[in-house]
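A.B. asks: Would you be able to build a 3D model of this:
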Amino acid sequence: MSIETHAERIERVRREYREAHARFVARLDGASPEAVTRAPAEGGWSAVQIGWHVAAVDATFAGLMTGEVPAAKELPEGISAKPWSEIVVAIPDKIEAGKRVQPPPSPDRDEVMRSLAESAAKVDAALAGLAEERAARLAITHPVLGAVALAYIGDWATSHTIRHNAQAKRVLGS
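C.D. replies: Numbers count the residues shown, from 1 in each chain. Got it, this is the predicted structure:
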């Protein structure tokens, strides 16, 4: 088994993200206006609120990779971030969304769909422009996951989208 180069890894992650995003958008797009705005009886977000959240998080992920969101810091000398394979297994079933990425009560579906398209384009462009040195040297610190290198933000965006697509599927009953 050969080790992926940075360029190969970025292309794979971009492809996986685009596929996950397309499935999520298709689910929301295919739902009726009533279904997409209906919150679960047991509480939680409607499918359109889930879409709003994913768009907001993806925009943040893109900003972290480009530096527009200046939260990424250099890893201390001699410290390397855990590989994504270790991070992903440590993600709890439920993480409380931060205030900035909690959806409003009734977001507009068309606006959410536009935001999803815009944020996905930003993630894809940010991944395409993520220099290997920056990806390995800079990390963010998440209160639950710990240090996450910029190299793994694309994996996180993909996992986050897949996770919320499953949530939308449950909410929509499809």
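
A.B. asks: drop to CA atoms for contacts and neighbour counts, all remaining ones
C.D. replies: Will do.

A.B. asks: can you pull out the strands in this protein?
C.D. replies: 73-74, 138-142, 146-149 (DSSP state E).

A.B. asks: Tell me which of these approaches residue 4 most closely.
C.D. replies: Closest approach to residue 4 among the strands of the chain (Cα to Cα): strand 146-149, 16.7 Å.

A.B. asks: For the closest one, buried residues please.
C.D. replies: 147, 148, 149 (16 or more other Cα atoms under 10 Å).

A.B. asks: how about the residue sitting nearest the centre point of the chain, what does it touch?
C.D. replies: Taking Cα atoms, centre = their mean as the criterion, residue 157 is the residue nearest the geometric centre of the chain, at 2.6 Å. Contact analysis of residue 157 by Cα atoms under 8 Å, 6 or more residues apart in numbering lists 17, 58, 61.

A.B. asks: at 10 Å instead, please
C.D. replies: Going by Cα atoms under 10 Å, 6 or more residues apart in numbering, residue 157 touches 13, 16-17, 20-21, 54, 57-62, 120, 123, 163.

A.B. asks: quick check, nearest of the buried residues of strand 146-149 to residue 30?
C.D. replies: Nearest member of the buried residues of strand 146-149 to residue 30, counting by Cα to Cα, is residue 148, at 34.0 Å.

A.B. asks: Burial check on residue 11, number of neighbours?
C.D. replies: By the criterion of other Cα atoms under 10 Å, residue 11 has 15 neighbours.

A.B. asks: From residue 120, how far off is it?
C.D. replies: Look at residue 11 and residue 120: by Cα to Cα, to the nearest Å, they are 15 Å apart.

A.B. asks: Same question for residue 141.
C.D. replies: From residue 141 over to residue 120 the distance is 23 Å, taken as Cα to Cα.

A.B. asks: residue contacts, the nearest residue to residue 112 once chain neighbours are set aside?
C.D. replies: Closest residue to residue 112 apart from its sequence neighbours, by Cα to Cα, 6 or more residues apart in numbering: residue 52 at 5.4 Å. Contacts for residue 52 (Cα under 10 Å, 6+ apart) come out as 46, 58, 101-104, 106-109, 111-116.
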